[in-house]
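>>> next comes the sequence, and after it the predicted model I'd like to discuss.
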Amino acid sequence: MRSLKILPAALALSAMPLGATAQQLEGTNQVVDRIVAQERAEVQLLRQYAPLVETYIQYLLPDKEKEAVPNGDRYFLGRAELARGLELEPLEREAGLKRKLLGGLRDFFSTQFVPGGFLQMIYVDLYGFDRQHYNIEYLRREFLGEVRCLVFDVEPLPKSGKGRFVGRIWVEDQDYHIVRFNGAYGGYSLTSNYFNFDSWRTSVGKNLWQPAFEYVEQGNVHDPKMTRMAFKPFRAQTRLWGYNLGHAHEEQELSKVLIEAPTAINDLADTGNDYTPIQAEHYWNRQAELNVMDYLERKGLLAPQGEVDKVLETVVNNLEVSNGLDIQPEVRCRILMTSTLESFSMGHTVVLSRGLIDVLPDEASLAAILAHELGHLLLGHHVNTQFGFFDTLHFDEKATFRHFDFARSPEEEQAANRKGIELLGNSPYKEHYDTAQLFLQALKNRAKEIPNLISPDLGNRVPTDWTLASAAPSAESEAKPTARVIAALPLGGRIKVDPWNDQLRMLKSKPVGTVAETEKMPFQITPFLFYLTRDNSPVEGKGSVAAKLPGNTKP
């Protein structure tokens, strides 16, 4: 019976006119020409941008309980000058003890990594993606989130040169932008300088897709060849953002309409209009604080104010109300864009890194970090008021981390720990202190394997030696991990980044249900998987690129 079902279909295919096959091939070729033209235009468009680029690498080691665990890491942050090709300008670190692990461009790119290698992965082929160098074969249609894509397999033609891309591309089916490509340059080889990668672009405006994320994975921890070749299997992620630095804020300010009062404001002499020295001191501290935050935002290191800030400020408000506090001016929360796990406060602004928020398992853990920083604020720990002079912010961008240092002394840290525990003990989060304690313990246990991830750029390390026992309802209760408890999340578990305007949003994902022990990957790198959507809003300042070719034939 099975052969009878196949036979009519085979007969029908054999009876298909030869012209239909030729017509289908011609249509595919037209689509490929549009893809090639669009990618060529994309490469030219990117030359006008200088985004920030962050690459974080974790070496892997086999583990009895889990598939693999981190065993060392590398970190790099800098700005890509795309007008000059694959050039990277690193943000320099101090040579002191706090940051000596981070290194610079030379330390980061050892014999295993070549300069610009990770940046190159934003392009399918920087030197010519076309039918003269590649065989591009249509495979199928597939949705990536809400975006319908055409999927093609790509292979370099013989004698087309070294370092050509081999893999698969996903092309959105309206304007033929490549939105994802997965493969390697020059093919798979442990001894080559090319690694397997998965590169994603996101829609940031009508007919504009920008490189945003890359995931790299090379080597298998269970492969005995790795040991014999002294090759360290690793995973890496690269993030790009800050394509439109400063412009969004400027446009928002200039578009405001301010109306003067119809009558003059009366001078209420009885109430007094002059400022006391204490008020002037408060103002000067506030000016220094705002100058720093404005500088960091304009450089793309601090996210613009948005919905994630409000989540943090809600937790701060809960801590204030439950402790009977009325802090003026209001405490504001901001997000550092980097993956390094750190927090700091300056004046009445509390800053947490995106990476730290990503790995926190719940609101109680977030409250513990915020309570610590709120402790610094309540104890009146110092603010560098030199930043009140605007000229102190005129320096080379690459010296940012050497110029700013918001780290506290050990004595101030201990005092903030005690104050934070006091705040938590009076808050609604005291019933869930155990998850916060488990997070701090998990970070302490993993610290030696991820030294670069926990080395801060601007503030202090997360206080892993902090015990929250005194904040618990009962001093005899003890935090113990259970099969259902996740002590810490993998990187990227909470926040979604818009690479164009640096806006952050909380991920809205469905619960994954029961998680196996091997799927608990605290502080680890995982593959990217994005729910792509189209942004069709025409936003001033965003470029537009479209390949204009005749015909609209699709496979």
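Everything's here; your move.
>>> got the contact list for Gly306?
With contacts defined as C-beta atoms under 8 Å, 6 or more residues apart in numbering, Gly306 is in contact with 503-505. Backbone N, C-alpha and C define where each C-beta goes, glycine included.
>>> neighbouring strands - and their directions - for whatever helix or strand Pro211 lives in?
According to DSSP states H and E, Pro211 maps onto strand 208-218. Note on strand 208-218: by DSSP bridges, its sheet partners are strand 197-205 (antiparallel), strand 234-241 (antiparallel).
>>> now do that strand, average pLDDT.
Averaging pLDDT along strand 208-218 gives 94.
>>> with just CA atoms, put that strand into PDB.
Only the C-alpha atoms of strand 208-218 are listed here, as PDB (Å, rounded to 0.1, in the frame of the first residue of the first chain):
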ATOM      1  CA  LEU A 208      16.500  48.700   9.300                       C
ATOM      2  CA  TRP A 209      18.000  45.700  11.000                       C
ATOM      3  CA  GLN A 210      21.100  46.100  13.200                       C
ATOM      4  CA  PRO A 211      23.600  43.400  14.400                       C
ATOM      5  CA  ALA A 212      22.900  42.900  18.100                       C
ATOM      6  CA  PHE A 213      23.900  39.500  19.400                       C
ATOM      7  CA  GLU A 214      26.300  36.600  18.700                       C
ATOM      8  CA  TYR A 215      26.700  33.300  20.400                       C
ATOM      9  CA  VAL A 216      29.800  31.200  19.900                       C
ATOM     10  CA  GLU A 217      30.400  27.600  21.000                       C
ATOM     11  CA  GLN A 218      33.400  25.600  20.200                       C
END
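>>> the residue nearest to Gln386 when sequence neighbours are not counted in helix, strand or coil?
In this structure, Gln386 finds its nearest non-sequential neighbour in Thr392, 5.3 Å apart by C-beta to C-beta, 6 or more residues apart in numbering. What DSSP: H, G, I helix; E, B strand; the rest coil gives for Thr392 is helix.
>>> and the pLDDT at Leu268?
Reading off the model, Leu268 has pLDDT 51.
>>> just the buried residues of the longest strand seen in the chain, please?
Longest strand of the chain, by residue count under DSSP state E: strand 68-81. By neighbour count with 16 or more other C-beta atoms under 10 Å, strand 68-81 contains the buried residues 68-80.
>>> now swap in stretch 430-446 and tell me
430, 432-443, 446.
>>> element containing Val43?
helix 18-46.
>>> quick one, helices of this structure?
2-14, 18-46, 105-108, 224-228, 247-254, 277-298, 307-322, 354-359, 363-378, 400-403, 410-425, 433-446 (DSSP state H).
>>> would TSV of the ones you listed with mean pLDDT and distance to Thr238 be doable?
Formatted as TSV, the helices of the chain follow (pLDDT from 0 to 100; distance: least, C-beta to C-beta, whole Å):
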stretch	mean pLDDT	distance to Thr238
helix 2-14	38	45
helix 18-46	78	15
helix 105-108	48	12
helix 224-228	66	23
helix 247-254	49	23
helix 277-298	89	21
helix 307-322	96	22
helix 354-359	96	14
helix 363-378	95	26
helix 400-403	87	19
helix 410-425	92	32
helix 433-446	91	22
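>>> and of these, who's closest to Ser199?
Ser199 lies closest, by C-beta to C-beta, to one member of the helices of the chain: helix 18-46, at 12.4 Å.
>>> ok, Asn426 - contacts?
Asn426 neighbours (C-beta under 8 Å, 6+ apart): 322-323.
>>> equivalent analysis for Asn71, please.
Shown in contact with Asn71 (C-beta under 8 Å, 6+ apart): 58-61, 232, 449.
>>> please identify which pair of these lies farthest apart.
Maximum distance among those (C-beta to C-beta): 12.6 Å, for Lys232 and Glu449.
>>> any residues in contact with both of the two?
71-72.
>>> want to throw the strands paired with strand 208-218 into TSV with mean pLDDT?
Output for the strands paired with strand 208-218, formatted as TSV (pLDDT from 0 to 100):
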stretch	mean pLDDT
strand 197-205	94
strand 234-241	95
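>>> for these, give me a markdown table that also has mean neighbour count and distance to Gly380.
Below are the strands paired with strand 208-218 laid out as a markdown table (neighbours: other C-beta atoms under 10 Å; distance: least, C-beta to C-beta, whole Å):
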| stretch | mean neighbour count | distance to Gly380 |
| --- | --- | --- |
| strand 197-205 | 22 | 42 |
| strand 234-241 | 23 | 35 |
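>>> so what's Gly186 scoring on pLDDT?
So Gly186 comes in at 82 (pLDDT).
>>> same check on Ser345?
At Ser345, pLDDT is 93.
>>> I'd guessed it sits against Leu378; true?
No. Here Ser345 does not reach Leu378: they are 10.3 Å apart, not a contact under C-beta atoms under 8 Å.
>>> the more surrounded of these two?
Neighbour tally, Ser345 and Leu378, criterion other C-beta atoms under 10 Å: the higher count belongs to Ser345, 26 against 18.
>>> separation between that one and Arg332?
Counting by C-beta to C-beta, to the nearest Å, the gap from Ser345 to Arg332 is 10 Å.
>>> what's the burial count for Pro361?
Pro361 has 20 nearby residues by other C-beta under 10 Å.
>>> how about it: what's its closest non-neighbour residue?
According to C-beta to C-beta, 6+ apart, the nearest residue to Pro361 is Ile486 (5.3 Å).
>>> give me the neighbour count for the nearest residue to Phe129 once chain neighbours are set aside.
Counting by C-beta to C-beta, 6+ apart, Phe129 lies nearest to Glu39, which is 5.2 Å off, once chain neighbours are set aside. If you count neighbours by other C-beta under 10 Å, Glu39 ends up with 24.
>>> for Glu39, give me its contacts.
124, 129, 178.
>>> repeat for Arg408
344, 376, 381, 416, 459-460 are the contacts of Arg408 under C-beta under 8 Å, 6+ apart.
>>> tell me the contacts of Ile454?
340-341, 443, 447, 461-462.
>>> how does it look with 7 Å?
By C-beta atoms under 7 Å, 6 or more residues apart in numbering, the contact list for Ile454 reads 341, 447, 461-462.
>>> can you put these in a markdown table and add pLDDT, distance to Asp274 and neighbour count?
Listed next are these as a markdown table, based on pLDDT from 0 to 100; distance: C-beta to C-beta, whole Å; neighbours: other C-beta atoms under 10 Å:
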| residue | pLDDT | distance to Asp274 | neighbour count |
| --- | --- | --- | --- |
| Leu341 | 95 | 45 | 27 |
| Ala447 | 92 | 52 | 16 |
| Arg461 | 87 | 44 | 18 |
| Val462 | 88 | 44 | 24 |
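>>> before we move on, the earlier item: list only buried entries from the contacts of Arg408.
Buried among the contacts of Arg408 by 16+ other C-beta under 10 Å: 344, 376, 381, 416, 459-460.
>>> need the residues you listed in JSON lines (columns: distance to Thr467).
Shown next, in JSON lines, are the buried ones among the contacts of Arg408 (distance: C-beta to C-beta, whole Å):
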{"residue": "Phe344", "distance to Thr467": "22"}
{"residue": "His376", "distance to Thr467": "19"}
{"residue": "His381", "distance to Thr467": "21"}
{"residue": "Ala416", "distance to Thr467": "14"}
{"residue": "Gly459", "distance to Thr467": "21"}
{"residue": "Asn460", "distance to Thr467": "17"}
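>>> for the residues you listed, which one is nearest Leu491?
Taking these together and measuring to Leu491 by C-beta to C-beta, the closest member is Gly459, at 18.6 Å.
>>> just the buried residues of stretch 362-374, please?
By 16+ other C-beta under 10 Å, the buried positions in stretch 362-374 come out as 362-374.
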